[in-house]
Each structure stands twice: as C-alpha cells, then as structure tokens.
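Visitor: what's the 3D shape of this:
(one chain, ligands or ions: 1)
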Amino acid sequence: MLKRLLFDSKNLNVTVSRLCNQLLENHNHFQNSVIIGLQPRGIFFAQRIINEIEKQIAKKIQKGYLDTTFYRDDYKNNRKELDAKETSIPFSLDEKNVIIVDDVLFTGRTVRSAMEGIINFGRPNKIELLVLIDRKFNREIPIEATYIGKSVNTIESQKVLVNLKEQGYKNDKIWIVKTNWMNLLNNKHLLGIKNLDLSEIDLIFNTADRFKEVLTRPIKKVPSLRHITIANVFFENSTRTKLSFELAEKRLSAEILNFSSSGSSVKKGESLLDTIKNILVMKVDIMVIRHSSPGVPQFIANNVDASVVNAGDGSHEHPTQALLDAYSIKEKLGNINNKKIAIIGDIIHSRVAISNIFLLKKLGAKVMVCGPKTLIPKHISDLDIIVENNIKKALEWADVANVLRIQLERQEVKYFPSLREYSLYFGINNKLLKSINKDLIIMHPGPINRGIEISSDVADSSRSIILNQVENGVAIRMAILYLLSLNIK
Ligand code: CP
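Guide: Down below sits the predicted model:
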C-alpha cells in the first residue's frame, strides 16, 4: 500500500500560522466572520484555526460545525465513511462572512453539499473555503478553495488519512492511506427486530440522533432521498405510524405514494400480490406496509425487488414502534442495559409487545409482561422474561411501564368478563401509582383507550412520555428509510 507522509506536527503548525495570517488579513478582526468546520475530520482542523485566531486577536469568534451527509448526492457509489455526525450552528448566518473549513478537498461534492446545508441556517454575505489539503486533480465539481494548506497530486484510488485530534498537537500525522468502509444495515428490508444485530440498532439510534437535530432547524428538511420513491401501503387502519412515515419521507425529500385498501380495487377482488406489483411497476424503491395478517411484509419481500419495511403485520411484529420505544427509553434514562421494563395488558394480540421484547432483551433490559392470564401467551417465559399477573407487583418492580391497548378487534372470544372489570384490575390510574410511591415512566404506543388500560390523569401526567414516543417516531423512521436507501442499487 502506498503510504506517504504529507504533514507532521511541526510543518502543520507552520501551515496553520500561515493560513490564520491570511484569514486575519481578509477578515477585519472577525467582526462579521464565522468559521464552520465540516464533520467529521474538518472540525479538528477548524478548531486549530480557531484556537490560533482567538490567540492572535484575543477574543472569542463565532464557530459551528456541519455534517453534510444528508445533502450528498454521491453517498451510494462513494463508499467512504459517511456515518452522519452532529451539526451545531447555534446562530443565524444571515449577512455573515462564512469560512467553511475542511481537512481535504477532493471531488468538491462535500463542499457543494455543505453550501446546501449552510443555506438552511441563513443567507451569508460571502462563503469562503479553507482546506488543509487540496487534491485538485481529482475535482469533479468546479469548486476552488480560497485558502489552501498544501496542494497534492493524488490519483483517485489513493485516500488521505488525517490523524488530527482536538488537542493532540504533538501526534499529528497526515498520510495517504486507505480509509474505512461506511456502516450499513445488513439487510435491504426491515421486517422485524429478530434479525437486527446490536451494531445495526446502534447505527439506527445514532442516525436518529442526527435527524432529531435536523427536526429542530428552521428548515426541517434534507435532500437525502430526493432520488427515492416510497409507497406507503396500508391495508389496516393507522394514525401514528402512517403519518409518521409520511412525514419522515417528506423530511427526507422522497417522492411518496399513499395507498389505503379502503377505497381501492382490493374491494373489487384484486389480490394482494397483484396490488403490490401494480404499485411497484410505477418505479417504487421502498414499500412501507401494514397488514392485519402476520407474514405479509415477508411474503412481499420474497416476491419483489423493492425494499420492504414492516409497519405492523397482525400480531407478529411492529419493528419501527419497538425502535422508537427503546430510543425514547434511552433518551429518558440514558441507557437501557439492566433497566426494568414491564409491558402491561393485551400481550397475546400485540405485535408491539413481541417486537419490544426482542429489542429490549438485545439491549440488555430486564423485561416483564403483566396482564390477565388469558391475555398472556402460554410459553412466553421461554423468551427469558418474567410473567406477572398482579399489576401492583409489576409496577413496584418496574422502572418503565409500557401500557398496551386492549385489542378488541383481534379478540374472537371473550378473554375477560368486561372492560369495566379489566380496568378495575389492570387499569393504570393515579391512585394506583400513588400507592406505589416511586418514579415510574409511563409509555403507550397508542391509540389510547382512556379509562380502560390507562386513565387520563396518568396518560397526561409528567411521568408519561407518550407524546415523546410519537415525536421520536419521525426521527427513527427517517433513520431507517435513509439507511435502507443506502442498500438500494
Ligand atoms: N402505535 C401505532 O402503531 O399506532 P397506529 O396504529 O395509529 O399506527
């Protein structure tokens, strides 16, 4: 492997000083100028520049950092490390002189996507580019750096590895070497939690963190999926999941088709597979599917080329709900390992319960199910979970109670004498919680049957994170759709 040292700490310091002097000449004491470092490696170099300038002018300057991942147009064929990182520009860029700082300028695509990202934070007066290394012979997009540390003549197959740490001045080394591959999901579909491994769950949560930040911006939209068409195919009623997927897709700039079986030709006798094939022939890349029969998403995935996302199939799985639930617990408690989670209510008909159990066990939680014996599957303890029939004991044990709806539409026989009796023995209300006297987080996937499995005083209380779950659902679904799109050929 070709390995050539471009900079060591000594000549890097000389270059940083020269670049800072050039900046100071052109930026009148940084009165109206800001520095934006590009993730991931550009921010370390930007910090060097900022430290040096602040030392010279003896005052703090405005600075931020930007991740360009969701603005890139080359993320499918350019398999360099592209995991999304944090963005922080906590001030308006209106009328500012912006200096974008990156470590390496290669094809120009990062800078082009950075300019698209920058515009979401205001309309600058001027945008300049400062780079440590300019690989100018590899440029694909006509972008020129204003300030350059060193120009190098590289061929495309070579990689530049920048080894700068925030404070590691003595260990600086910049080589031409090979870089890592980016992280991807292992599968082109998301059909259930069962087959996700820990690194994939981590990747989804980390990517969702990045999208949560996007959703706080004035312009809550990125162009990542502008080349992707997604069909939301719902054969069963939904409020949260359907709206959440649709909004996630819009935030990612995807083209969207919405299909509901009611009012469709399904009512005229068209088969499931014919319906799906007719939708797919319109050049759909990803299909989000909800169906009342377990296994339908898997059946469709076996029969079509598109990526399939399970948005809930009968009493089988609801993977995106489990992911947003676990993400919300992690957000509230910091981590999930060793936390005690009680899932309460109609376990036997619940895809949410099954997906939650699979996911929470993978993440190291202690899981309990609680409800009337008739609503708990016989062999569920084989999943290494605790079974409890006394609601008070369950709540005394738990850190988190995930309360489920009684699914009357899936109950073909009577599982308990009356809703009134269920509510009396298993309903969660303030009186019951007060008798336990401990901090307990209350969750519910929705829709809520107020006064049956949960009372309004609990659902609307400060211990409830029910609406946080819904809010997090958008970021989680953006993460899943974005990560699946990376696997589309
Ligand atoms: N949690 C959930 O799946 O809700 P919807 O049925 O409204 O989508």
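
Visitor: Only C-alpha atoms from now on, for both contacts and neighbour counts.
Guide: Noted.

Visitor: Could you pull out the helices in the stretch 51-200 of the chain for me?
Guide: 109-118, 198-214 (DSSP state H, counting those that start in this stretch).

Visitor: helices or strands next to the helix or strand that the last one is followed by in the packing?
Guide: Read in the C-terminal direction, the helix or strand following helix 198-214 is strand 229-234, with elements assigned using DSSP states H and E. Counting contacts by 3 or more C-alpha pairs under 8 Å, 6 or more residues apart in numbering; DSSP states H and E, strand 229-234 is packed against helix 240-251, strand 255-260, strand 286-291.

Visitor: what's the most buried one of the ones you listed?
Guide: strand 286-291 (a mean of 24; mean count of other C-alpha atoms under 10 Å).

Visitor: How is the protein divided into domains?
Guide: Domains of the chain are assigned by automatic domain parsing as 2-181, 183-208+217-317, 320-471.

Visitor: which non-adjacent residue is nearest the closest residue to the ligand within the stretch 51-200 of the chain?
Guide: Closest contact between the stretch 51-200 of the chain and the ligand, by C-alpha to the nearest ligand atom, is at G192 (14.1 Å). Leaving aside its sequence neighbours, G192 sits nearest to P319 (C-alpha to C-alpha, 6 or more residues apart in numbering; 5.1 Å).

Visitor: pretty sure the one you found contacts A353?
Guide: No: applying C-alpha atoms under 8 Å as the test, P319 and A353 come out as separate, 10.2 Å apart.

Visitor: Could you point out which of the helices and strands packed on strand 229-234 sits nearest the ligand?
Guide: Judging the helices and strands packed on strand 229-234 by C-alpha to the nearest ligand atom, what sits closest to the ligand is helix 240-251, at 3.7 Å.

Visitor: Other residues contacting the closest one?
Guide: Residues outside helix 240-251 that contact it (C-alpha atoms under 8 Å, 6 or more residues apart in numbering): 220-222, 225, 230, 232, 234, 255-256, 311, 446, 470, 473-475, 477-478, 481.

Visitor: do the same with stretch 392-410
Guide: By C-alpha under 8 Å, 6+ apart, the list of residues contacting stretch 392-410 reads 339-347, 349-350, 368, 370, 388, 432-433, 436, 438-449, 453-454.

Visitor: filter the residues you listed to the buried ones?
Guide: Among the contacts of stretch 392-410, those scoring as buried are 339-347, 349-350, 368, 370, 388, 433, 440-446, 448, 453-454 (criterion: 16 or more other C-alpha atoms under 10 Å).

Visitor: Next step: those restricted to helices.
Guide: L433 (DSSP state H).

Visitor: in the chain, which ranges drop under the pLDDT threshold?
Guide: Low-confidence segments of the chain, defined by pLDDT under 70, span residues 1-3, 75-82, 154-158, 165-170, 175-183, 408-413, 489.

Visitor: Which helix or strand contains L424?
Guide: helix 419-426.

Visitor: Quick one: residues contacting the residue nearest to the spatial centre of the chain.
Guide: Note on the chain: the residue nearest the mean C-alpha position is A208, at 1.7 Å, using C-alpha atoms, centre = their mean. Contact analysis of A208 by C-alpha under 8 Å, 6+ apart lists 475-479.

Visitor: at 10 Å what do you get?
Guide: Going by C-alpha atoms under 10 Å, 6 or more residues apart in numbering, A208 touches 84, 202, 214, 324, 327, 472-480, 482.

Visitor: Write a PyMOL command that selects only the buried members of those.
Guide: Only the buried members of those end up in this PyMOL selection, burial being decided by 16+ other C-alpha under 10 Å:
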select buried, resi 84+214+324+327+472+473+474+475+476+477+478+479+480+482
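
Visitor: between the contacts of A208, which is closest to R123?
Guide: V214 (17.9 Å; C-alpha to C-alpha).

Visitor: related to what we said a few turns ago, how distant is the helix holding L424 from the center of its chain?
Guide: 38 Å (C-alpha atoms, centre = their mean, to the nearest Å).

Visitor: where does the residue nearest to R123 when sequence neighbours are not counted fall, phi/psi-wise?
Guide: Nearest non-adjacent residue to R123, counting by C-alpha to C-alpha, 6+ apart: D94, 4.5 Å away. Recorded main-chain torsions at D94 are phi -50, psi 130, according to degrees, to the nearest 10.

Visitor: Pull up the residues of the stretch 101-250 of the chain that are close to the ligand.
Guide: Residues of the stretch 101-250 of the chain lying close to the ligand by C-alpha under 6 Å from any ligand atom are 238-242.

Visitor: let's see 8 Å
Guide: Residues of the stretch 101-250 of the chain found near the ligand (C-alpha under 8 Å from any ligand atom) are 237-243.

Visitor: The stretch 301-450 of the chain too?
Guide: With the criterion set to C-alpha under 8 Å from any ligand atom, the stretch 301-450 of the chain comes near the ligand through 311-312, 318, 321, 352, 445-447.

Visitor: need those residues in TSV with distance to K392, can you?
Guide: Converted to TSV, these look like this (distance: C-alpha to C-alpha, whole Å):
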residue	distance to K392
A311	32
G312	30
H318	28
Q321	26
V352	22
P445	21
G446	22
P447	23
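
Visitor: That'll do, ta.
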